[in-house]
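Asks: Turn this into a structure:
(one chain, ligands or ions: 1)
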Amino acid sequence: MVTYNKEQIKNLQELDKKHYLHPTSSLKQHQENGPKRIFTEGKGIYLTDVNGDQYIDALASLWNVNIGHGRKELGEAASQQMGKLAYSSSFNNLSHETVIQLSEKLASLTPGDLNVFFFTSGGSESNDTAFKLVRHYWKMKGQPEKKKIIGLERAYHGITMGATSATGIQQFQNMTTSLAPDFLHAAAHKTNCEWGDKNDSDYSRSIRGIIENEGPETIAAVIVEPIQGAGGVIIPPDGYLEAVRDLCDQYGILMIADEVICGFGRTGRMFGVDNWNVVPDIMCMAKGITSGYIPLGAVAITERLRDNLAEVSDDVLFHGFTYSGHPTSCAVALKNIEIIEKENLAAHASKMEMELIKGFKYLTEKHSSVTKSRAKGLLGAFELFEDREQGIPFGPEKMAAQKLVEECLSQKLIVRSVTFGGTNIIALSPPLIITKEEIEKMIMIFSDAIQTVEKSLRLQSV
Ligand code: PMP
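Replies: Just a heads-up that it's a prediction; the model follows:
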């Protein structure tokens, strides 16, 4: 392990403050305090910082390091590919072996006839690609007015202009003054409404209500995360995704599943939609496709969609990133998927779900503020309430979730809070290689941290 002396650490902190504009961070806090931690190494579920302190990375960094840190095989795969063919474009019908192999591999994993792949550098680009593809599709089919896209409230789809516009978390939209047109938002998980229950008071806010109000001839697609991640790990009730699939079929609307978090084993199945046996028309992926070792995203479309497009148009598809199908990213993805399959990580995540639930039960019994825990595979969350029996949440001024995240960090556990709309959600999605013992260790740290925060909020443990 490389060690850093005080002066080196101070220097790094000062340079970070001076030159690095951090994504999704408080600029004021950064200018006042500099970076919270500077990490140097990773191994398994652990990250090590410049002080040599080890942290449990209970969010798999950004829900993406599925196979865990420090897997040398991925570096070797990248190095071999770079030595052989560092870059080659796929524009103008050119190709290379590694992107062909990855496309074939992905086709063997994705459900239904989602067998055709477009490549990007991440989740936002994948979603923007999906939005452009569905509009292109309807235009080519002679229905250019079919262009509106319905997303869900509390959905997160990324930060490019289209993805921000589809996102249903206000803070991301408020950051800018104008958004892309023709994006609408429906209330999430209104299963009855989606099956057609007009007596439900939320009907007009549901996807079905919005489609009927706007006119299905104006709607190109509906986009849903199988489980909402950044919105606070919100698992839909059984039947919801099936209802959305049915609704889309009924009205001739394309269904896009944003699998950026859920994909590649996170929820105990290879893809989130597999939990409900739903096959969307388009599936967007990123994160777990390379476990974060190198940027890559993908958009799966059905063979039917591709064939339809190829039939109606012999135009060039004017959409492509310089790094679409980057050879090194594809080589790393292939090795990463090989590991996920060889180590049965989706099945392992499904098994570890029970351990996580057991841990949440322990926290709920021990701490009066903990409630509403849930997990699917290794995607989980719990909430903090001032009075869980009466259903009274902590006021936002108490910053309960933020305090717990800070306390966890000081106890060397990295987790995330989701705090909009008066909720105090703690989200976690550890690397899929996490063991039962490591989950138990994580839960004990949580317990200590919750106790400290409850005390500071003048709450007593049960
Ligand atoms: N979709 C979902 C569901 C996500 O969680 C994210 C990232 N957290 C994105 C899209 C955007 O991906 P990226 O940050 O790679 O652009």
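Asks: The stretch 101-250 of the chain against the ligand: which residues are in contact?
Replies: 122-124, 127, 156-158, 225, 229-230 (CB under 6 Å from any ligand atom). Glycine gets a C-beta too; all of them are placed from N, C-alpha and C.
Asks: got CSV for those, with secondary structure and pLDDT too?
Replies: Compiled in CSV, these are given as follows (DSSP: H, G, I helix; E, B strand; the rest coil; pLDDT from 0 to 100):
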residue, secondary structure, pLDDT
Gly122, coil, 98
Gly123, helix, 98
Ser124, helix, 98
Asn127, helix, 98
Tyr156, coil, 98
His157, coil, 98
Gly158, coil, 98
Glu225, coil, 98
Gly229, coil, 98
Ala230, coil, 97
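Asks: So the residue sitting nearest the centre point of the chain: helix, strand or coil?
Replies: By CA atoms, centre = their mean, the mean C-alpha position of the chain lies nearest to Ile261, the distance being 2.8 Å. Here Ile261 is coil, with the state taken from DSSP: H, G, I helix; E, B strand; the rest coil.
Asks: and it, what is it in contact with?
Replies: By CB atoms under 8 Å, 6 or more residues apart in numbering, the residues touching Ile261 are 63, 225, 227, 229-230, 272, 287-288, 379, 429.
Asks: among these, which two are most distant?
Replies: Ala230 and Gly288 (15.0 Å; CB to CB).
Asks: who has more neighbours, the two?
Replies: Gly288 (30 against 22; other CB atoms under 10 Å).
Asks: Now the more buried one: closest residue in space, sequence neighbours ignored.
Replies: Once flanking residues are discounted, Gly288 sits nearest to Phe264: 3.1 Å by CB to CB, 6 or more residues apart in numbering.
Asks: Going by secondary structure, Lys455 is in what exactly?
Replies: helix 436-456 (DSSP states H and E).
Asks: C-alpha coordinates for that helix, PDB please?
Replies: The C-alpha trace of helix 436-456 is given here as PDB (Å, rounded to 0.1, in the frame of the first residue of the first chain):
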ATOM      1  CA  LYS A 436     -22.700 -12.800   4.900                       C
ATOM      2  CA  GLU A 437     -19.900 -11.900   7.400                       C
ATOM      3  CA  GLU A 438     -19.300  -8.600   5.600                       C
ATOM      4  CA  ILE A 439     -23.000  -7.800   5.600                       C
ATOM      5  CA  GLU A 440     -23.100  -8.400   9.400                       C
ATOM      6  CA  LYS A 441     -20.100  -6.200   9.900                       C
ATOM      7  CA  MET A 442     -21.800  -3.400   7.800                       C
ATOM      8  CA  ILE A 443     -25.000  -3.800   9.900                       C
ATOM      9  CA  MET A 444     -23.000  -3.400  13.100                       C
ATOM     10  CA  ILE A 445     -21.400  -0.200  11.900                       C
ATOM     11  CA  PHE A 446     -24.900   1.000  10.900                       C
ATOM     12  CA  SER A 447     -26.200   0.200  14.300                       C
ATOM     13  CA  ASP A 448     -23.400   2.200  16.100                       C
ATOM     14  CA  ALA A 449     -23.900   5.100  13.700                       C
ATOM     15  CA  ILE A 450     -27.700   5.100  14.100                       C
ATOM     16  CA  GLN A 451     -27.300   5.100  17.900                       C
ATOM     17  CA  THR A 452     -25.000   8.100  17.800                       C
ATOM     18  CA  VAL A 453     -27.300  10.000  15.400                       C
ATOM     19  CA  GLU A 454     -30.500   9.100  17.400                       C
ATOM     20  CA  LYS A 455     -28.700  10.400  20.500                       C
ATOM     21  CA  SER A 456     -27.800  13.600  18.800                       C
END
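Asks: Give me the helices and strands touching that helix, please.
Replies: strand 54-57, helix 345-366, helix 400-410, strand 413-414 (3 or more CB pairs under 8 Å, 6 or more residues apart in numbering; DSSP states H and E).
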